[in-house]
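Enquirer: Any chance you can model this:
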Amino acid sequence: MSVTRPQLFRSLAPSQAKSEGVEGRRSMSGAYSLAPCDYSLRKLVQDASASTLGVENEVNAPQGTKYRIKLSWKLVSGPVSGWLDFRAIDWNNHYVLFFYPTQVGLVAVKGGVWTDVARAFRPIDSTHPATFTLVMDGYTLSVKDDAVPGSPTILSWTDPWQLSILGAWVSHNTGPGTKAVWSYSIGKALSPA
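Expert: Predicted coordinates:
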């Protein structure tokens, strides 16, 4: 089955992606440089409150072996439904940082199969924004809770599949029925490759 870009965003959670049979391949490696670079966005409002589809804003900002993304996603209304796709080369192979009402989680998408690989307790709602630092160090992914003094690491996972050490883009998402603001998302290359 071939899908268009808007259809890809109908899959909002790992279980939905599997049940809807989303297929297709999107590769950025032939069109954009994979040299790691910094990026920043601020005050990005994503309003899907009256929609059955999510809202996505992609930044073509390659990530290298050592990369950091500081972010703050604040729920305005609706259910907690936000996520960040990263280290993406195509839609069948990448990682996802998910925001849940009481947890933050990492998902690995390998060959189009979504696998929930790690979660940590952390309330996320309109009074507790998802304020984190995502650290990529080789195949180890860590999440620091920037809402807590000292920014402790609350989640760390090393990918046994060695899925992706580079990425062509970062995608900021808010799910259907939800309005949220990405107060900031700041990517920083910590290594040249």
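
Enquirer: how near is the residue nearest the centre of the chain to residue 56?
Expert: Most central in the chain under Cα atoms, centre = their mean is residue 84, positioned 1.6 Å from the mean C-alpha point. Taking Cβ to Cβ, to the nearest Å as the measure, residue 84 falls 11 Å from residue 56. C-beta: built from backbone N, CA, C; applies to glycine.

Enquirer: what touches both of the two?
Expert: 171-173 (Cβ atoms under 8 Å, 6 or more residues apart in numbering).

Enquirer: Among those, name the ones in strands.
Expert: Those of these mapping onto strands are 171-173, per DSSP state E.

Enquirer: and the residues you listed as CSV, adding neighbour count?
Expert: CSV is the format used below for those (neighbours: other Cβ atoms under 10 Å):
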residue, neighbour count
171, 17
172, 22
173, 25
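
Enquirer: Turn those residues into a markdown table, columns for pLDDT.
Expert: Shown next, in a markdown table, are these (pLDDT from 0 to 100):
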| residue | pLDDT |
| --- | --- |
| 171 | 96 |
| 172 | 98 |
| 173 | 97 |
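
Enquirer: quick one: which of the residues you listed is nearest to residue 38?
Expert: residue 172 (15.7 Å; Cβ to Cβ).

Enquirer: Now that closest one: closest residue in space, sequence neighbours ignored.
Expert: Closest residue in space to residue 172, ignoring its immediate chain neighbours: residue 57 at 4.8 Å, by Cβ to Cβ, 6 or more residues apart in numbering.

Enquirer: Which element, helix or strand, includes the one you found?
Expert: Residue 57 is part of strand 55-59 when elements are defined by DSSP states H and E.

Enquirer: again, but for residue 187
Expert: In this assignment (DSSP H and E), residue 187 forms part of strand 179-189.

Enquirer: and stretch 109-124, how far from the chain's centre?
Expert: Chain-centre distance of stretch 109-124: 10 Å, with Cα atoms, centre = their mean, to the nearest Å.

Enquirer: and the end-to-end length of it?
Expert: Taking Cα to Cα, to the nearest Å, stretch 109-124 runs 23 Å from one end to the other.

Enquirer: what bridges to the residue nearest to residue 183 when sequence neighbours are not counted?
Expert: Nearest non-adjacent residue to residue 183, counting by Cβ to Cβ, 6+ apart: residue 72, 4.0 Å away. Note on residue 72: beta-bridge partners by DSSP bridges are residue 131, residue 184.

Enquirer: For residue 72, give me its contacts.
Expert: Residue 72 touches 129-132, 146, 182-185, counting by Cβ under 8 Å, 6+ apart.

Enquirer: Kind regards, and thank you for your time.
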